[in-house]
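A.B. asks: Quick one, structure for this:
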Amino acid sequence: MATAEQVQELVAAVQSLNLEVRNLNQEMQQIKAENTVLRQIVADRELRSTDLPPMPLSSGRFDGSATHLKEFLEACNVQFTFRPSTFSTDLSKVGLVISNLTGNALAWANPLVTSDDPVLRDWKMFLERFKQAFERPEIRYLAGEELLEVHQGQMDLYSYITKFK
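C.D. replies: Below is the predicted model of the structure:
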């Protein structure tokens, strides 16, 4: 049989443990609340950095014209360079291109999207296929021919330079 002193010691120990459990529960509730806030902050940042709608390109939308292909792809690369968190995946890069297509170029891309073609998740493969569809080697050849026949004539320098872009 326990003495009155032993019983008092046990009661004091139980009370001390109860107090410690209450304190730990309060700390756990505080940590849960902080965790909820931090999760929301992370979710907001992810939304801001990866789910931004595409910005209009400086070159405008691409309709499939081979003469505008280089300018269009350069405008896309500017977006990739200056918004790396937005275009951190191959899918986001392809998405920017497709969202800025119109006319024949959009008609070319629609079957890729509707069939969920794997090329949509591989930027290099998409870019290769895109260039195959719209890049015309004869344009480079014609530009080379024109360069051989270069004469500035009466054009100002700016007009002369832009003639070959």
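
A.B. asks: And the helices in the protein?
C.D. replies: Assigned by DSSP state H, the chain shows helices spanning 4-50, 69-82, 90-99, 103-114, 123-134, 137-148, 157-162.

A.B. asks: Output the lowest mean pLDDT helix or strand found in this protein.
C.D. replies: helix 137-148 (a mean of 58; mean pLDDT, DSSP states H and E).

A.B. asks: The nearest residue to residue 61 once chain neighbours are set aside: neighbouring residues, count only.
C.D. replies: Leaving aside its sequence neighbours, residue 61 sits nearest to residue 102 (C-beta to C-beta, 6 or more residues apart in numbering; 4.4 Å). The way it works is simple: take the backbone N, C-alpha and C, and place the C-beta from them, glycine included. By the measure other C-beta atoms under 10 Å, the count of residues near residue 102 is 12.

A.B. asks: Show me this protein divided up by domain.
C.D. replies: Listed domain ranges for the chain are 1-51, 66-162 (source: automatic domain parsing).

A.B. asks: okay, these in CSV with distance to residue 57 next?
C.D. replies: CSV is the format used below for the domains of the chain (distance: least, C-beta to C-beta, whole Å):
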stretch, distance to residue 57
domain 1-51, 19
domain 66-162, 4
